[in-house]
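*Asks:* I would like to see how this sequence folds:
(one chain, ligands or ions: 1)
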Amino acid sequence: MGHEPNAHERGADDDLPASDAEWRSELSEEEYRILREAGTEPPFSGEYVDHKEDGSYVCAGCGAELFDSETKFESGCGWPSFYDVDDGRVETRTDTSHGMRRTEVLCGNCGGHLGHVFEDGPEPTEKRYCINSVALEFDEE
Ligand SMILES: [Zn+2]
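*Replies:* The predicted structure is shown next:
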């Protein structure tokens, strides 16, 4: 059995899957549910909630660099939380699902759902990017 390169190893510059069927074959069931169907992992379940190593977090869907470990903080909310992100790495849009008005965070490269951003984070941005571990992969520095 050969090792199939995952999205991360292929690099961010490769062509993105063009259809839901292609995404389905690229991603695990849980990755697909979160990245492509805007699902949410259960709080405190994700592998990066308490992750403290130095490096960067990349999109599990396409490998694009998203968040830096320097902006990660302990929010206590149960999901990996970041207070900042470089321009262009993510996109946001208003999400009114589940009877709430929230700001959805999407990968700026592949449009995959990452999580939500709230206005109750620490200084200097006061933002809290609340991101699913499943939508991330970690790159050690
Ligand atoms: Zn992506």
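*Asks:* around the ion, pick out the residues from this structure.
*Replies:* Applying C-beta under 5 Å from the ion, we find that the chain lies next to the ion at 59, 61-62, 64, 107, 109-110, 112. Yep, even glycine has a C-beta here, placed from its N, CA and C like the rest.
*Asks:* quick one: which of the residues you listed sit in strands?
*Replies:* 59, 107 (DSSP state E).
*Asks:* so which of the residues of the chain next to the ion wins on neighbours?
*Replies:* Gly61 (29 neighbours; other C-beta atoms under 10 Å).
*Asks:* for that one, which non-adjacent residue is spatially closest?
*Replies:* Closest residue in space to Gly61, ignoring its immediate chain neighbours: Gly112 at 4.0 Å, by C-beta to C-beta, 6 or more residues apart in numbering.
*Asks:* and the top helix by length along the chain, what's its mean pLDDT?
*Replies:* Counting residues, the longest helix in the chain under DSSP state H turns out to be helix 20-26. In this model, helix 20-26 has a mean pLDDT of 96.
*Asks:* buried ones in that helix?
*Replies:* By neighbour count with 16 or more other C-beta atoms under 10 Å, helix 20-26 contains the buried residues 23, 26.
*Asks:* tell me what whichever helix or strand comes after that helix is packed against?
*Replies:* Next helix or strand after helix 20-26 toward the C-terminus (DSSP states H and E): helix 29-31. For helix 29-31, there is no helix or strand it packs on, judged by 3 or more C-beta pairs under 8 Å, 6 or more residues apart in numbering; DSSP states H and E.
*Asks:* tell me the secondary structure at Glu41.
*Replies:* The three-state label given to Glu41 by DSSP: H, G, I helix; E, B strand; the rest coil is coil.
*Asks:* correct me if wrong: Asp120 contacts Tyr129.
*Replies:* No. Using C-beta atoms under 8 Å, Asp120 makes no contact with Tyr129, being 11.4 Å away.
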